[in-house]
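> Got a sequence here, can you build the structure:
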Amino acid sequence: MAMHLAVMTVVIGGIVVQSDSILSARLNTQFNRDLTEEGIEYTNALTMRPDGLGIAQFTRIYLETHRRPSRLSLIIALPRPHQRPRTLASAGIGHDLYHRVVAATLAPGTRLDRIVNVGSGESQYRAYATPIYASGRRVATLVAVRNLARLAEQRAPELTIAILEGVAALIASVLAGYLLLGRVLRVVGDVSRAARRASDGDLSLRIDYQGPEDEVGLLARTVDTMLERLDRAFSAQRRLLSDVSHQLRTPLTVIRGHLEVLARDPNADAEERAATVALVVDELEHVSLMVERLLLLGRSIEPDFVEEEQIEVVSLLQDVFDAAQYLAPRRWELDVGRPLVVLGDRTKLRGALLNLLDNAVKATSEGDTIRLSAIHEGDLRLQVSDTGRGLSEQEQQRLFGRFVRSTDRYRGSGLGLAIVRAVAEAHGGSVELDSQPESGAKFTIVLPKSRVSRSPALQAVGSH
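The predicted structure is shown next:
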């Protein structure tokens, strides 16, 4: 703040000095113009004097009647043959000043048509001497004298105003700087406190900035956004660790229990041992699948999670549909829609659709219908619908969470729909669910229209 005050003082002081210099130059120019114009006015008046009126008599009348600027005096010297020039002066010029001006401007050999400063005690004067010509001959010499105190008098009010304006500008600048700096420091202080709390593990503090949308506001809101994302990430991490530990505890306990039983009974027959090994292998496969899906969910927040390529929608849906035939005997239907191309990750979209089809199989029986379709309404909607038992509103609200199963009759990792949502969001889309109890369900992966275009084959046909 002190540095700001010092800089502004220097800047405004320089402006005041510059303004004073410009003002002085302007007043000096005006003073000099007033002096030189006196010679022009006297010459013009002299050329228009009445016939028969002598120059000396005319000059006395002119000096008595001529209106001059304030504190300006005139001395007019009239030449006389073989004598010293006769000088006539306007009223108000002192004896001492008269002699000083005459000595400075009318002394023999003195150059005319120039402006000189003449000192007299504490007073300073400016004088201008010029020859006066009439009918081609020099008839007089005019000296205009003006007190420089008038220059100071005219300069003082404007200089005072300039100083006052400079002081007002300095005060306004300091006040604005104080308010701005105070706001900036408050926000910086809030950011520092939030950062300290975050480093201590508390991500709940928010700056909650209320103010103009400038760089300070952008900083505060960016920090709040960062803290919000970190809070969500750490909360999700804690929930994930809790869910994983809970989900892994059961299969690991089962595996350990059966192995301990097998170890305590070394005389168990081969059939019993084979059953135990099969059960342990099944549990290990379940754990392995869960770990793989957890790794996939973890990778879904990484920037390179989606490996984009141009995907023929018809080809993708046909591939998924063919693979789904082996899941279970159902009435399978396919509607590929118009030939389209979508920009995305084929492997992950295929896996997400197979997850939805697998869930549809688990929610239906052999006589039910499962339909896979593509609907283009600006956005691309990849839809899996079934005629199964449907879902209640309470089930729908919690269905996309981790380790949530739509039914307890089927064993699974409970991660399938969470992966579907992660894949859709990684493509800039979303997942929609429409279901009623005993009326089936529709799961839809919505991909934004910015990723969708017509098939190159269809474009070629349209161009002909």
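> can I assume Arg451 is in contact with Asp345?
No: using C-beta atoms under 8 Å, Arg451 is not in contact with Asp345, being 11.0 Å away. For every residue, glycine as well, the C-beta is placed using N, CA and C.
> Overlap of the contact sets of those two?
His427 (C-beta atoms under 8 Å, 6 or more residues apart in numbering).
> Count the neighbours of Ala418 for me.
Per other C-beta atoms under 10 Å, the neighbour tally for Ala418 reads 22.
> Likewise for the one 10 residues further on?
Around Gly428 sit 14 other residues, with neighbours defined as other C-beta under 10 Å.
> what does Thr347 give?
12.
> same thing with Ala268?
15.
> since we're on Arg229, how many residues are nearby?
11.
> Which of the helices or strands spans it?
helix 215-264 (DSSP states H and E).
> any idea of the mean pLDDT for that helix?
The average pLDDT for helix 215-264 rounds to 76.
> Counting by contacts, list what it packs against.
When contacts are defined as 3 or more C-beta pairs under 8 Å, 6 or more residues apart in numbering; DSSP states H and E, helix 215-264 sits against helix 149-199, helix 270-299.
> Can you lay out these as JSON lines showing mean neighbour count, mean pLDDT and distance to Leu349?
Shown next, in JSON lines, are the helices and strands packed on helix 215-264 (neighbours: other C-beta atoms under 10 Å; pLDDT from 0 to 100; distance: least, C-beta to C-beta, whole Å):
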{"stretch": "helix 149-199", "mean neighbour count": "14", "mean pLDDT": "74", "distance to Leu349": "37"}
{"stretch": "helix 270-299", "mean neighbour count": "14", "mean pLDDT": "76", "distance to Leu349": "13"}
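> want to try CSV for those helices, with distance to Ser385 as columns?
Shown next, in CSV, are the helices and strands packed on helix 215-264 (distance: least, C-beta to C-beta, whole Å):
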stretch, distance to Ser385
helix 149-199, 45
helix 270-299, 24
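> Tell me which of those helices approaches Asp231 most closely.
helix 149-199 (8.9 Å; C-beta to C-beta).
> Give me the angle between that closest one and helix 215-264.
Taking axes from the mean of the first three to the mean of the last three C-alpha atoms, to 10 degrees, one finds that helix 149-199 is oriented at 10 degrees with respect to helix 215-264.
> From the contact counts, what lies against helix 149-199?
With 3+ C-beta pairs under 8 Å, 6+ apart as the test, helix 149-199 has helix 2-47, helix 215-264 packed against it.
> Those: which one's closest to Glu366?
helix 215-264 (29.6 Å).
> tilt between that closest one and helix 270-299?
Going by the same axes, to 10 degrees, helix 215-264 makes 170 degrees with helix 270-299.
> Residue ranges of each domain in this structure, please.
Using automatic domain parsing, the domain parsing of the chain gives 2-154, 215-299, 309-463.
> Columns distance to Leu181 on top of those, output as a markdown table?
Below are these laid out as a markdown table (distance: least, C-beta to C-beta, whole Å):
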| stretch | distance to Leu181 |
| --- | --- |
| domain 2-154 | 8 |
| domain 215-299 | 11 |
| domain 309-463 | 42 |
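> Report the contact partners of Asp113.
With C-beta under 8 Å, 6+ apart, Asp113 has these contacts: Ala129, Thr130, Pro131.
> then the host helix or strand of Phe443 to PDB, C-alphas only?
Per DSSP H and E: Phe443 is located in strand 441-447. C-alpha atoms of strand 441-447 as PDB (Å, rounded to 0.1, in the frame of the first residue of the first chain):
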ATOM      1  CA  ALA A 441     -37.700 -51.500 -18.100                       C
ATOM      2  CA  LYS A 442     -36.000 -49.300 -20.700                       C
ATOM      3  CA  PHE A 443     -32.300 -48.400 -20.200                       C
ATOM      4  CA  THR A 444     -31.000 -45.800 -22.600                       C
ATOM      5  CA  ILE A 445     -27.400 -44.600 -23.200                       C
ATOM      6  CA  VAL A 446     -27.700 -41.100 -24.500                       C
ATOM      7  CA  LEU A 447     -24.700 -39.800 -26.600                       C
END
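> by contact count, what packs against that strand?
helix 346-362, strand 379-386, helix 416-426, strand 430-435.
> try 10 Å this time
When contacts are defined as 3 or more C-beta pairs under 10 Å, 6 or more residues apart in numbering; DSSP states H and E, strand 441-447 packs onto strand 340-344, helix 346-362, strand 369-377, strand 379-386, helix 416-426, strand 430-435.
> how far out from the middle of the chain is it?
38 Å (C-alpha atoms, centre = their mean, to the nearest Å).
> that older thread, among the domains of the chain, which is nearest Ser173?
Per C-beta to C-beta, nearest to Ser173 of the domains of the chain: domain 2-154, 4.7 Å.
> who's Ile132 bridged to?
Beta-bridge pairing for Ile132 (DSSP bridges): Ala140.
> Please report how far it lies from Arg138.
7 Å (C-beta to C-beta, to the nearest Å).
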